[in-house]
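[1] fold the following, please.
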Amino acid sequence: MGILDGSSPAPPKVLSVEKDGKAEEKPNPAYEAWVARDQQLLGHLLNSINKEVLAQVATLTTSAEVWATLEGSFAAQSHARVTNLRLQLANLKKGNMKMAAYLAKMKNISDEIASAGKTVDADDMVG
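    Next up, the predicted model:
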């Protein structure tokens with residue numbers, strides 16, 4: 001994940017080498033290899049998202065830029081979704097539902113919260 005999360009940044013484009021007492025710059029082969037891997041990842045990312053999401057990232061040039069933009073976008077949506085689910089859970093009333101249906105509804109909501117990586121306290125489950 002180094003290229004995607006930015007923990008493996010691009011090496012310098014050029015290397016400075018000394019030749020006959022003079023510093024010369026030459027292309028860095030490690031940079032070319034890094035760019036090739038980055039562009040391959042970028043291609044995979046862009047090919048795996050739908051048109052609506054693609055519109056948000058189509059102009060970005062590195063896989064790390066795309067990943068960060070997607071992460072930010074989906075994290076915000078996930079947070080809003082968890083907040084909405086917690087409200088649903090807090091406002092859930094048994095009413096005329098059978099007990100099994102009521103408990104199943106509570107379980108479904110708590111499972112959705114858990115799938116977003118959040119925990120549901122026992123207090124949240126007691127209405």
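
[2] looking at the protein, which helix or strand is least sure?
    helix 122-125 (a mean of 71; mean pLDDT, DSSP states H and E).

[3] list the buried ones in the helix or strand encompassing Ala30?
    Assigned by DSSP states H and E, Ala30 belongs to helix 29-47. Within helix 29-47, the residues that count as buried by 16 or more other Cβ atoms under 10 Å are Trp34, Asp38, Leu41, Leu42, Leu45. For every residue, glycine as well, the C-beta is placed using N, CA and C.

[4] close enough to count as contact, the fourth one and Ala64?
    What it means is Leu42. No - contact criterion Cβ atoms under 8 Å: Leu42 and Ala64 do not qualify, at 9.1 Å.

[5] tell me who's in contact with Arg81.
    Residues in contact with Arg81 (Cβ atoms under 8 Å, 6 or more residues apart in numbering) are Glu112, Ala116.

[6] state the distance from it to Ala23.
    For Arg81, the distance to Ala23 equals 55 Å [Cβ to Cβ, to the nearest Å].

[7] and for Leu85?
    In terms of Cβ to Cβ, Leu85 sits 60 Å off from Ala23.

[8] ok, these two, which is more surrounded?
    Leu85 (21 against 8; other Cβ atoms under 10 Å).
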